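*Asks:* predicted coordinates and the sequence they were generated for:
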Amino acid sequence: MILVLINVFLIGTNYQCIAHNFIHNPFFKSQSLNGLFSILNTLCLGMPASMYRAHHLNHHRYNNHPEKDDSSTFRHGKNGEQENIFTYCLLGILRTNLPALYRVAKKQSSLVVAELLVMIFFIATLLFLNGKLVIYYLIPSYLFGQFFALLENYCEHNHTNFNDRKRDSVSCYNSIYNFIWFNNGFHQEHHYSPQVHWTKISSVKDTLPSDRTIIGGCHLMNSLKKYKK
């Protein structure tokens, strides 16, 4: 159980930091090396990295808009309100249209085919060698890792205005949090200027209004704060 929790944290960190930064600023000049990293990271995420890229770019394009952003916290809410945080995280995985996401990713790059095949081969090999490892460790890690990623996304947009490009995300400036999570606390800054490298993202802070949503500690502290119109 402890190993599962550790892996869930690592998967969440991967989604929010490693894979996320790779989408916006690929790590290598070589396309071959970037492709190899994407394939290897697929095994860490439990999802083809190219599909996550397509999903994330959709999120950036529409910034939590309930009708356009597939990961919007408002998409399944009622009366213009956000959805309950628990149903958002629990049902979010089941709601993702994986075949459609695969088709979008394939239009962007054929790399998704290799990622999917490698992931299938990896899981099938582990099932053959040690089925219990897959059932009791790998699958729970993947599922709860997705839950954690959805939880983080909810907290990064709770109590914000998706119609305002300078107020559609939540920032937090705790130094420990930003050191561990590669300046992920500068989330409003990132949404406003997604092309800026994470090492320089703090420079965007002064271009944003002071009355936007800022949370202390880490984004998870924003989990129970009710959205207000």
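*Replies:* Okay, I see it.
*Asks:* quick one: low-confidence ranges for this protein?
*Replies:* Under the criterion pLDDT under 70, the flagged ranges of the chain are 224-229.
*Asks:* so the residue lying closest to V113 once chain neighbours are set aside versus Q31, what's the distance?
*Replies:* Distances taken as Cβ to Cβ, 6 or more residues apart in numbering place K106 nearest to V113, at 6.8 Å, with adjacent residues excluded. Heads up, the C-betas are built off the backbone N, CA and C, glycines and all. Using Cβ to Cβ, to the nearest Å, one gets 17 Å for the distance from K106 to Q31.
*Asks:* who's in contact with N184?
*Replies:* By Cβ atoms under 8 Å, 6 or more residues apart in numbering, the contact list for N184 reads Q16, C17, H20, Y177, N178, H190, W198, H219.
*Asks:* the residues you listed in helices, which ones?
*Replies:* H20, Y177, N178, H190 (DSSP state H).
*Asks:* need the max-distance pair from those residues.
*Replies:* Largest separation among the ones in helices among the contacts of N184 by Cβ to Cβ: H20 and Y177, giving 15.1 Å.
*Asks:* just want to know which of these two has more residues nearby.
*Replies:* Using other Cβ atoms under 10 Å, the more surrounded residue of H20 and Y177 is H20, with 22 against 18.
*Asks:* before we move on, the earlier item: make CSV from the contacts of N184 and add distance to N161 to it.
*Replies:* Below are these laid out as CSV (distance: Cβ to Cβ, whole Å):
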residue, distance to N161
Q16, 22
C17, 26
H20, 23
Y177, 23
N178, 24
H190, 17
W198, 24
H219, 17
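*Asks:* dump stretch 128-137 to CSV, restricted to CA.
*Replies:* What follows is stretch 128-137, C-alpha atoms only, in CSV (Å, rounded to 0.1, in the frame of the first residue of the first chain):
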residue,chain,number,x,y,z
PHE,A,128,2.7,-13.0,-17.8
LEU,A,129,5.6,-12.6,-15.3
ASN,A,130,3.7,-11.5,-12.2
GLY,A,131,-0.1,-11.0,-12.5
LYS,A,132,-0.4,-10.0,-8.9
LEU,A,133,2.0,-7.1,-9.4
VAL,A,134,-0.2,-5.7,-12.1
ILE,A,135,-3.5,-6.2,-10.2
TYR,A,136,-2.4,-5.0,-6.8
TYR,A,137,0.3,-2.4,-7.7
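*Asks:* quick revisit: which of the ones in helices among the contacts of N184 sits closest to H55?
*Replies:* Nearest to H55 among the ones in helices among the contacts of N184, with distances taken as Cβ to Cβ, is H20, at 11.3 Å.
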